[in-house]
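Enquirer: Generate a structure from the sequence data that follows.
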Amino acid sequence: HKVSLRNIFRFKKRMFMMLLGIAGCTALVLTGFGIRDSVANIANYQFDDIQKYDLSVSTSDPITQDWLDHIQSEYGGQIDAQAVSLMSAGELTGSETTKSVYFVASDDEHITDLHLDGRQVPYPGEGEVLISEKLSQLAGVRVGDTVTISISDEERADVRVVGLVENYVQNYVYMTGTTYASAFGSYEPETLLIRAAEGVDEYSLSAALANENGVASISVITDTRNMIDNMMRSLDYVVALVLASAAALAFIVMFNLGNINISERVREIATIKVLGFHSRETGAYVFRENLILCCMGILIGLPLGFGLHHFVMNQIQVDMVSFKYVIKPVSYLLTVAIVLLFSIITDLILRRKIARIDMAESLKSIE
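Expert: Next up, the predicted model:
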């Protein structure tokens with residue numbers, strides 16, 4: 001063990017090359033897993049944590065209280081919660097640019113969980129709006145700024161931004177029905193958001209509601225989730241490519257340095273064989289250094305991977321999609337396990353070279 005530690009710090013150039021290679025490999029692996037953690041779950045973040053409804057029912061005419069009472073009497077046992085909303089496409093103009101958005105106007109918006117960094121954000125008052133965090137970055141808007149919202153060239157108004165909320169799919173602007181009416185002349189909601197009761201099949205409920213008078217269309221959120229999940233599944237190929245690149249880097253670095261290490265120490269290895277070291281002890285004598293350097297490289301590579309993950313995520317930004325910068329604890333564990341596996345595989349391959357070293361090589365030593 002003393003000889004192993006001595007050799008690690010004795011050959012400094014080899015030590016730094018090994019640390020750099022293993023750290024780079026670790027950073028690549030962690031980045032690959034981090035990309036998957038950040039991108040693959042945006043549908044869950046959007047529809048489990050924020051938009052907590054199962055059906056979006058669009059009506060051909062503005063929703064009335066009589067129609068709501070009818071729906072409640074017919075399907076009340078299958079509905080856990082509902083909210084009447086007006087959803088329309090429009091634009092928001094900030095200090096830097098104009099962006100396409102969806103306006104969500106409602107006076108009973110309790111199905112949507114509006115929060116930021118784990119803290120609830122209160123619904124805005126009259127003349128005020130909440131906007132998604134990504135939209136604030138794109139439009140250069142901060143809390144307290146006044147922005148212009150519009151649904152046409154003639155219909156536009158100035159409102160004050162009083163808060164930011166998390167959102168991962170599309171850019172939303174939340175306001176009350178009164179604010180929408182003040183801005184655009186009238187508030188006539190034509191969307192009913194429904195959260196199905198536990199155990200109720202949303203597709204069956206959707207089919208039943210589709211037969212009701214006044215229902216124009218129904219969107220089942222599960223279909224939207226599946227569509228987003230299928231789009232994000234292609235990123236698995238990106239992760240696989242990153243892992244393959246990391247494996248190639250680790251193998252090339254560790255194999256080449258290990259091969260050089262063995263070639264330079266043939267007489268030393270032959271001598272310890274003469275002294276009675278069996279094959280496993282001889283292998284441990286040589287590869288203990290690689291294992292220690294591998295662990296040191298992993299410790300250096302994990303923070304590098306964290307930074308590389310943030311850099312990569314910043315380069316793949318899309319206007320209508322916001323990614324959550326997250327690396328799950330299991331991804332750190334998998335990264336360490338995979339890099340160690342790369343090291344072990346390389347060592348197993350190089351053991352054959354050690355086994356072929358003839359003990360007669362020790363006679364060539366000056367000592």
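Enquirer: need the helices for this structure, in chain order.
Expert: 2-10, 12-39, 42-49, 65-75, 133-139, 177-184, 202-210, 221-233, 235-264, 266-274, 279-315, 329-355 (DSSP state H).
Enquirer: what about the longest one, average pLDDT?
Expert: What helix 279-315 shows for mean pLDDT is 84.
Enquirer: If you count contacts, what does it end up packed against?
Expert: If contacts are counted by 3 or more CB pairs under 8 Å, 6 or more residues apart in numbering; DSSP states H and E, helix 279-315 sits against helix 2-10, helix 12-39, helix 235-264, helix 266-274, helix 329-355. Quick note: C-beta positions are derived from backbone N, CA and C, even for glycine.
Enquirer: follow-up on the earlier one: so which of the helices of the chain comes closest to residue 160?
Expert: Among the helices of the chain, helix 177-184 comes nearest to residue 160, with 10.1 Å by CB to CB.
Enquirer: Run through the neighbouring helices and strands of the closest one.
Expert: For helix 177-184, the packing partners by 3+ CB pairs under 8 Å, 6+ apart are strand 98-105, strand 156-165.
Enquirer: Tell me how far it lies from the chain's centre.
Expert: How far helix 177-184 lies from its chain's middle: 36 Å, per CA atoms, centre = their mean, to the nearest Å.
Enquirer: Ok, stretch 41-58 next?
Expert: 17 Å.
Enquirer: so what's residue 57 bridging to?
Expert: Counting by DSSP bridges, residue 57 is bridged to residue 192, residue 218.
Enquirer: Could you report the neighbour count for it?
Expert: 24 (other CB atoms under 10 Å).
Enquirer: Go ahead and confirm it touches residue 195.
Expert: No. If you go by CB atoms under 8 Å, residue 57 and residue 195 don't touch, sitting 12.0 Å apart.
Enquirer: ok so, going back, tell me which of the helices and strands packed on helix 177-184 sits nearest to residue 210.
Expert: Here strand 98-105 is closest among the helices and strands packed on helix 177-184 (CB to CB), at 23.1 Å.
Enquirer: Check which residues of that closest one are buried.
Expert: Under the neighbour-count criterion of 16 or more other CB atoms under 10 Å, strand 98-105 has 99, 101, 103-105 buried.
Enquirer: and it, which strands flank it?
Expert: strand 79-93 (antiparallel), strand 172-175 (parallel).
Enquirer: For the one residue sitting closest to the centre of the chain, which non-adjacent residue is closest in space?
Expert: For the chain, the residue nearest the mean C-alpha position is residue 38 (0.3 Å; CA atoms, centre = their mean). Leaving aside its chain neighbours, residue 38 sits nearest to residue 323 (4.9 Å; criterion: CB to CB, 6 or more residues apart in numbering).
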